[in-house]
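Colleague: after the sequence you'll find the predicted model.
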Amino acid sequence: MAEFNKVVIFGVGLIGGSFALGLKAAGAVDEVVGFGRSPKSLQQALDLGVIDRAGINPAHELPDADLVLLATPVGQMPEIMARIAPYLGPDTVVTDGGSTKGDVVAAARAAFGGRISQFVPAHPIAGAENSGAAAARADLYRERKVVLTPLPENSVLNVAKVRSAWEWCGAQMFELTPAEHDRVFAAVSHLPHLLSFALVHDLAVRENKDLFFTFAASGFRDFTRIAASHPEMWRDICLANKDALLLELDSYRAQLDELHNALAGGDGARLEEIFDTARTARRDWAEGKH
């Protein structure tokens, strides 16, 4: 017998769709019901077997749901939370896949009120440049990190339910506080996306952009891969984690200033020192030493 009788997913694209397929592949769910912004996206998810049914009315689907995943851009979550709050069953647990946690937790507290114990925040550290149900994969989360940021009100049982769902998908589980999460991911995820978008945009708006893109090779491709990511989603992420991201931008700007000064002063020794420190840290990380 499957652990989950019914899982309801809002947003049946890459993140939500891969969650559904991972649970299905593991035999951990009997039925997946999907909600989406357009009939076309829901029909595609149905045709691909990502979901079993398209939801129409949350009032009909949520009272007996075991688990609800919010897998939309974070900017859409407050409205969805407010819409579903009246219909949650007493044993229904809600979680999310948002890349920021402080704003999501605040929205959950506003929407769920005294039922905040039923919301367990989470963030799967997995993704791809492509979006939509067609990009979903059953193995997307296998051996990938998922961070839970439990709230003081969460029961052990509710946290365990969310943890178990991600483990069925093959994920490695970690826990941080929401504030710790947002500080860490501002540095290692949100800032790199911002820098990648900025570099490609800088070239894209030049009159002779074709000249630059003609000669861009593997280094440019590696550095700018994430600039192909979903603009709406990353707009929401950057704005939601604005304070932590601004601090990281200031820190990075100081690094650029130091490089600028070393270049302007012909200080090769300082450049090499910075490059060597960065290379060592990157190699240690790639070899799993962190």
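Modeller: Received it, and whenever you're ready, just let me know what you need.
Colleague: the nearest residue to residue 34 once chain neighbours are set aside and residue 44, how far apart?
Modeller: Setting aside the residues directly before and after it, residue 34 is nearest to residue 51 in space (CB to CB, 6 or more residues apart in numbering), at 3.6 Å. Every residue, glycine included, has its C-beta placed from N, CA and C. Taking CB to CB, to the nearest Å as the measure, residue 51 falls 10 Å from residue 44.
Colleague: do residue 161 as well
Modeller: Remark: distance between residue 161 and residue 44 (CB to CB) = 29 Å.
Colleague: buried sites along the one helix or strand residue 159 maps to?
Modeller: Using DSSP states H and E, residue 159 falls within helix 156-168. Within helix 156-168, the residues that qualify as buried by neighbour count (16 or more other CB atoms under 10 Å) are 158-159, 161-163, 165-168.
Colleague: SS state for residue 95?
Modeller: The local conformation at residue 95, judged by DSSP: H, G, I helix; E, B strand; the rest coil, is strand.
Colleague: what of residue 37?
Modeller: coil.
Colleague: I'd like to know the phi and psi angles of it, please.
Modeller: phi -80, psi -20 (degrees, to the nearest 10).
Colleague: please shift the residue numbers so they start at 59 in all later answers.
Modeller: Noted, 59 is the first residue going forward, which turns the last one into residue 95.
Colleague: wait, residue 170 touches residue 164, no?
Modeller: No. Between residue 170 and residue 164 there is no contact under CB atoms under 8 Å: 11.3 Å.
Colleague: these two: which has the busier surroundings?
Modeller: residue 170 (19 against 13; other CB atoms under 10 Å).
Colleague: distance of that one from residue 108?
Modeller: In terms of CB to CB, residue 170 sits 27 Å off from residue 108.
Colleague: and residue 204, that's in a helix?
Modeller: No. Counting by three-state DSSP, residue 204 falls outside a helix, being strand.
Colleague: ok, now which ones touch it?
Modeller: Residues near residue 204 by CB atoms under 8 Å, 6 or more residues apart in numbering: 180-183, 224, 229-232.
Colleague: swap in 6 Å and give it another go.
Modeller: 182, 224, 229, 231 (CB atoms under 6 Å, 6 or more residues apart in numbering).
Colleague: residue ranges with poor pLDDT in this structure?
Modeller: 186-188, 348 (pLDDT under 70).
Colleague: nearest residue to the middle of it?
Modeller: In the chain, the residue lying closest to the centroid (CA atoms, centre = their mean) is residue 157, at 3.9 Å.
Colleague: so that residue is in contact with residue 293, correct?
Modeller: No. Counting by CB atoms under 6 Å, residue 157 sits too far from residue 293 to count as a contact (11.8 Å).
Colleague: quick one: which of residue 109 and residue 102 has more around it?
Modeller: Shown here are residue 109 and residue 102; by other CB under 10 Å, residue 109 has more neighbours (28 against 20).
Colleague: helix/strand/coil for that one?
Modeller: coil.
Colleague: the contacts of residue 204, buried ones only, as a ChimeraX selection?
Modeller: The command below creates a ChimeraX selection of those among the contacts of residue 204 that count as buried (16+ other CB under 10 Å):
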select :182,224,229
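Colleague: the contacts of residue 204 into a markdown table, with extra columns for secondary structure and distance to residue 116?
Modeller: Formatted as a markdown table, the contacts of residue 204 follow (DSSP: H, G, I helix; E, B strand; the rest coil; distance: CB to CB, whole Å):
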| residue | secondary structure | distance to residue 116 |
| --- | --- | --- |
| 182 | strand | 23 |
| 224 | helix | 23 |
| 229 | coil | 27 |
| 231 | strand | 28 |
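Colleague: what's the closest of the contacts of residue 204 to residue 332?
Modeller: Comparing the contacts of residue 204 against residue 332 with CB to CB places residue 182 closest, at 33.0 Å.
Colleague: gap between that closest one and residue 232?
Modeller: For residue 182, the distance to residue 232 - CB to CB - is 11 Å.
Colleague: same check, this time on residue 289
Modeller: 28 Å.
Colleague: what about those two, which has more around it?
Modeller: Using other CB under 10 Å as the criterion, residue 289 and residue 232 rank with residue 232 on top: 13 against 10.
Colleague: run through the bridge partners of the more buried one.
Modeller: Beta-bridge pairing for residue 232 (DSSP bridges): residue 205.
Colleague: I'd say it and residue 202 touch.
Modeller: No. The pair residue 232 / residue 202 is not scored as a contact, 10.9 Å apart, by CB under 6 Å.
Colleague: can you list contacts of the one helix or strand residue 332 maps to?
Modeller: Here residue 332 sits within helix 326-344, counting by DSSP H and E. Here helix 326-344 makes contact (CB under 6 Å, 6+ apart) with residue 320.
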